[in-house]
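Visitor: Generate a structure from the sequence data that follows.
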Amino acid sequence: MKSNPTSPSRPLRAADKQKLDSQLCFALYSTLLGVNKVYRSLLREFDLTYPQYLVMLVLWEKDRVNVSEICDQLYLETTTLTPLLKRLEARGLISRKRSAEDERQVIVSLTDEGRALRQQLKHVPDCLGAAMGGSLEEIVELRDKLTKVRAHLFEAA
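Guide: Numbers count the residues shown, from 1 in each chain. Predicted structure coming up:
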């Protein structure tokens with residue numbers, strides 16, 4: 001991998017502003033590729049993709065959630081989420097049922113196997129942290145900064 005020619009100690013020159021390695025979007029994109037590779041290796045033995053893992057995280061926090069709540073939490077469209085849910089249901093990790101109160105809503109629930117998977121994957125956050133090579137404090141600080149940036153970007157969009 002190439003190192004970035006710009007650094008926090010050196011101001012960005014006008015001529016460098018349109019270079020690939022000067023772009024924040026590229027730094028985020030390429031970092032996300034690395035994060036996805038680590039997750040892929042951690043989740044492979046459980047036959048789970050990273051987006052499926054995110055759905056499971058939502059459900060481990062709160063079981064019996066309607067599809068639109070999951071979409072909101074994961075910033076996904078229903079058309080993206082539905083195939084993920086179908087695969088998780090086929091694996092026996094979740095069930096989907098129409099709400100008795102409002103049949104337009106689909107409620108997603110964990111199965112016993114889906115609940116058990118939480119314990120099997122409890123090591124994943126620590127493994128990702130180790131792969132990132134930062135202290136817990138640095139990782140939390142980065143997460144908080146990214147969350148703040150995300151909020152500003154969604155406001156500006």
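
Visitor: For the residue nearest the centre of the chain, report the pLDDT, please.
Guide: Centroid-nearest residue in the chain: residue 54, 5.4 Å away (criterion: Cα atoms, centre = their mean). As predicted, residue 54 sits at a pLDDT of 98.

Visitor: now residue 8
Guide: 57.

Visitor: try the one 4 residues further on
Guide: Here the pLDDT value assigned to residue 12 is 76.

Visitor: ok, it touching residue 23?
Guide: No - between residue 12 and residue 23 there is no contact under Cβ atoms under 8 Å: 10.5 Å. In short, each C-beta sits where N, CA and C put it, glycine included.

Visitor: of those two, who's got more company?
Guide: Neighbours per residue, other Cβ atoms under 10 Å: of residue 12 and residue 23, the larger number sits with residue 23, 14 against 11.

Visitor: What about that one? Give its phi and psi, please.
Guide: With angles defined as degrees, to the nearest 10, residue 23 sits at phi -80, psi 130.

Visitor: now the strand or helix carrying residue 151, how far from the centre of its chain.
Guide: Element membership for residue 151, per DSSP states H and E: helix 136-156. Centroid separation between helix 136-156 and its chain, computed with Cα atoms, centre = their mean, to the nearest Å, is 13 Å.

Visitor: Tell me how many other residues surround residue 59.
Guide: 21.

Visitor: For it, what is the enclosing helix or strand?
Guide: Counting by DSSP H and E, residue 59 is found in helix 50-61.
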